[in-house]
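Trainee: Provide a 3D model corresponding to the input given below.
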Amino acid sequence: MQVAIRVAEREVPRWWWALKRTIDVVLGSLLLVLAAPIMILAGIAIVLVTGGSPFFAQERVGQYGRRFKMFKLRTMVKNAHELRDQLMHLNEVDGPVFKIRRDPRLHPLGGFLRRTSIDELPNLLNVVRGDMALVGPRPALPCEIEHYDAAAQRRLQVPQGITCLWQINGRSGVSFEHWMQLDNEYVDTWTPLTDIVIVVKTIPAVLRKDGAH
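Mentor: Residues are numbered from 1 along each chain as shown. Prediction:
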């Protein structure tokens, strides 16, 4: 299934897309190699603490509404998806998004993995595969996309990414409306150079744990 994009797309030079993909493959592969020891150690810890699989693949929506499996380190108990409806009254964010600061579905290591963004390191595999980019709006769940208006759907005009303007400007601490504004700002202004700037700014944002929960 694909989501229809109902607004005109921004035209950018073709070589920008080629350079963006080249950076994703080269830098993404390097970061994947560097992150491998951390993912292995975190995976072993998850198995020891929870007894379950350390990895989790969840369907997300990519550029132009294409569905793909996004890889993460598992931060929740095995039946987490079954508990969502029961916990909906605890939702702390507006819009078609579900987030709880102290989510009771997290396993003992889940909070730490999320605050440090270690759980997102397997996203690098999605980048190398071409499902995602290093920089772009964070991939949403299909059930969230169903509630997007035309303005929010504009974020699907570009590859969805690991980090973005939302990631370096408060993350879960900003409203859904502001989040969509930041994503649309990226759609309207991105260049290969600004992508590099966002990657660099992501490092201190992750270390400060800005809006990470």
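Trainee: when you work out contacts or count neighbours from here on, use the C-alpha atoms and nothing else.
Mentor: Fine.
Trainee: any idea which helix or strand comes after the helix or strand containing V187?
Mentor: V187 is part of helix 176-189, with elements assigned from DSSP states H and E. Using DSSP H and E, the helix or strand that follows helix 176-189 towards the C-terminus is helix 192-208.
Trainee: next, the angle from that following helix to helix 176-189.
Mentor: Using axes from the mean of the first three to the mean of the last three CA atoms, to 10 degrees, one finds that helix 192-208 and helix 176-189 are set 150 degrees apart in direction.
Trainee: quick one on the thing from earlier: give the other helices and strands that the helix holding V187 contacts.
Mentor: The contact analysis (3 or more CA pairs under 8 Å, 6 or more residues apart in numbering; DSSP states H and E) places helix 176-189 against helix 150-153.
Trainee: let's see the helix it packs on as PDB, backbone CA atoms only.
Mentor: These are the backbone C-alpha positions of helix 150-153, laid out as PDB (Å, rounded to 0.1, in the frame of the first residue of the first chain):
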ATOM      1  CA  ALA A 150      -2.200  16.800   3.400                       C
ATOM      2  CA  ALA A 151       0.300  19.000   5.200                       C
ATOM      3  CA  ALA A 152       1.600  16.200   7.300                       C
ATOM      4  CA  GLN A 153       1.800  13.900   4.200                       C
END
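Trainee: what mean pLDDT does that helix get?
Mentor: The average of the pLDDT scores along helix 150-153 is 92.
Trainee: quick one: contacts of whatever helix or strand comes next after it?
Mentor: Stepping forward along the backbone from helix 150-153, the first helix or strand reached (DSSP H and E) is strand 161-163. Outside strand 161-163, the residues within contact range by CA atoms under 8 Å, 6 or more residues apart in numbering are 120, 123-124, 127, 132-139, 198-199, 202.
Trainee: what strands line up against strand 161-163, and which way round?
Mentor: Its sheet considered, strand 161-163 pairs with strand 133-135 (parallel) by DSSP bridges.
Trainee: please report how far the spatially most central residue of the chain lies from I40.
Mentor: Centroid-nearest residue in the chain, with CA atoms, centre = their mean: R138, separated by 3.7 Å. In this structure, R138 and I40 are separated by 24 Å, where distance is defined by CA to CA, to the nearest Å.
Trainee: also G161?
Mentor: G161 sits at a distance of 23 Å from I40 (criterion: CA to CA).
Trainee: neighbour count winner among those two?
Mentor: Set G161 next to I40 and count neighbours by other CA atoms under 10 Å: G161 wins out with 22 against 12.
Trainee: so how far is Y148 from that one?
Mentor: Using CA to CA, G161 is found at 18 Å from Y148.
Trainee: before we move on, the earlier item: now do the residue nearest to the centre of the chain against H147, distance only.
Mentor: As for R138, its distance to H147 is 16 Å (criterion: CA to CA).
Trainee: again with P204
Mentor: Separation of P204 from H147 (CA to CA) stands at 32 Å.
Trainee: now do T202
Mentor: When distance is defined by CA to CA, T202 is 28 Å away from H147.
Trainee: try G161
Mentor: As judged by CA to CA, G161 and H147 stand 20 Å apart.
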